[in-house]
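# let's see this in three dimensions:
(one chain, ligands or ions: 1)
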Amino acid sequence: MAQSDVLEQRPDDESDKACIQEEAPRAIHFDVFTLFPPMFSGALSESILARAQKRGILRVTLHNIRDYATDRHHTCDGYPYGGGGGMVMRPEPVVRAVETVLSRPQGWHLPDERDRFDLPAWNADEPPVPRQPTPIILLTPQGRRFDQSIAAGLSRHGRLALVCGRYEGVDERIRTQLITDELSIGDFVLSGGEIAALAIIDAVTRTLPGVLGHASGAMYDSFSDGLSGLLEGPQYTRPTAFRGEAVPEVLVSGHHANVEQWRREQSLLRSLQRRPDLLAQATIAGHLTLEDRQFLSSQGWQAPTDS
Ligand code: ADE
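As a prediction, this is how the structure comes out:
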């Protein structure tokens, strides 16, 4: 079979429409609380995130925390008690913003041309009751490390609130009184939670049925269940030879079973070389078959022991 035939006859493409239609439609709404709403516009208006919004699967409402500060200068920060460098995010504008928005229907936001004294009524001493059970997630380097399984878990919610920290940190009472979860996208410090929020919106959205343009969706993304939580192996497209390096023969053979076996082995090999911790997790979770383990052993892998 010619390579062009193989490229055009991937089994995923065949079942694309049927599979997408069979999946129950799921949509997610993010309320994002930030001091810098314009940071989101580029990322949300391109590619997969733009398409997800057009299809009604993703909705993002940006809320400027500064709009909820009631003093003349719309102050959102303060000096840290006890001294020390940097500024700390004040609790009132953040708590007021989140409580105001979450006690209203999805999609609500302050009118653009509002007078700042027109803010909805809010009692600083008493939270509105009942609050919808919407997760309120603070993006912070101190949070749980975000990963694919957290993305999959979050995708089951219809509405999520993301609070982007800024300055050198947030007043602790934002955590104790408002936040229900804290997430970090890695052991490094960003200048604020906005980039982390975008990473989370993107990772969660691509797991939803109908977002990606092919039937298998994100099922075979690295770290996903379809790959037993392992890394994806190498990928190739045209041309068949590039600067003397050829596409592996098996991929142009048209033999689906052999292609699948090759892909599985490459995924195992890549994980062995780059992320042996993922192999250990997959072993403990019982996700590796006998063939997987035999292949890995042939590559010098030693299965983790119980002790
Ligand atoms: N804000 C600053 N650094 C961050 C990180 N690593 N993850 C999430 N939010 C952050």
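# in the stretch 101-250 of the chain, which spans are strands?
All strands of the stretch 101-250 of the chain, identified by DSSP state E, counting those that start in this stretch, fall at 136-145, 159-164, 181-184, 241-242, 245-246.
# return the most buried member of those strands.
strand 159-164 (a mean of 24; mean count of other Cβ atoms under 10 Å). The C-beta positions use only the backbone N, C-alpha and C, and glycine is treated the same way.
# given that strand, what are its sheet partners and their directions?
The partner list of strand 159-164 in its sheet, established with DSSP bridges, is strand 28-34 (parallel), strand 136-145 (parallel).
# follow-up on the earlier one: any chance of the strands of the stretch 101-250 of the chain in a markdown table, with distance to R90 too?
Below are these laid out as a markdown table (distance: least, Cβ to Cβ, whole Å):
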| stretch | distance to R90 |
| --- | --- |
| strand 136-145 | 15 |
| strand 159-164 | 13 |
| strand 181-184 | 18 |
| strand 241-242 | 56 |
| strand 245-246 | 57 |
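# quick one, which of the ones you listed is nearest to K54?
strand 159-164 (19.6 Å; Cβ to Cβ).
# go through the strands of the stretch 101-250 of the chain and name the closest to P93.
That would be, of the strands of the stretch 101-250 of the chain and by Cβ to Cβ, strand 159-164, which comes in at 11.1 Å.
# the closest one: how far from the chain's middle?
12 Å (Cα atoms, centre = their mean, to the nearest Å).
# thinking again about what came up before, distance to the ligand and mean pLDDT for the strands of the stretch 101-250 of the chain - can I get that in a markdown table?
Formatted as a markdown table, the strands of the stretch 101-250 of the chain follow (distance: least, Cβ to the nearest ligand atom, whole Å; pLDDT from 0 to 100):
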| stretch | distance to the ligand | mean pLDDT |
| --- | --- | --- |
| strand 136-145 | 4 | 98 |
| strand 159-164 | 8 | 98 |
| strand 181-184 | 4 | 98 |
| strand 241-242 | 37 | 98 |
| strand 245-246 | 37 | 98 |
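# with respect to R96, which of these lies nearest?
strand 159-164 (12.3 Å).
# alpha carbons of that closest one, as CSV, please.
Listed in CSV are the C-alpha atoms of strand 159-164, where the atom choice follows Å, rounded to 0.1, in the frame of the first residue of the first chain:
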residue,chain,number,x,y,z
ARG,A,159,-18.4,25.1,36.4
LEU,A,160,-15.0,25.9,37.9
ALA,A,161,-13.6,29.1,39.4
LEU,A,162,-9.9,29.8,38.9
VAL,A,163,-8.4,32.5,41.1
CYS,A,164,-5.1,33.9,39.8
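# what sits up against that strand?
For strand 159-164, contacts defined as Cβ atoms under 8 Å, 6 or more residues apart in numbering pick out 28-36, 94, 98, 101-102, 106, 132, 134-139, 154, 174, 178-179, 192-194, 196-197, 200-201, 204.
# ranges for the helices of the protein?
Applying DSSP state H to the chain gives helices spanning 3-8, 11-14, 16-22, 41-44, 47-54, 91-102, 148-154, 172-177, 194-206, 256-274, 276-284, 290-298.
# average pLDDT across the fourth one?
The one in question is helix 41-44. Helix 41-44 carries an average pLDDT of 97.
# and the closest residue to D181 other than its chain neighbours, how close does it get to V170?
Of all residues not flanking D181 in the chain, I137 sits nearest, at 4.8 Å (Cβ to Cβ, 6 or more residues apart in numbering). Distance of I137 to V170, given as Cβ to Cβ, to the nearest Å: 13 Å.
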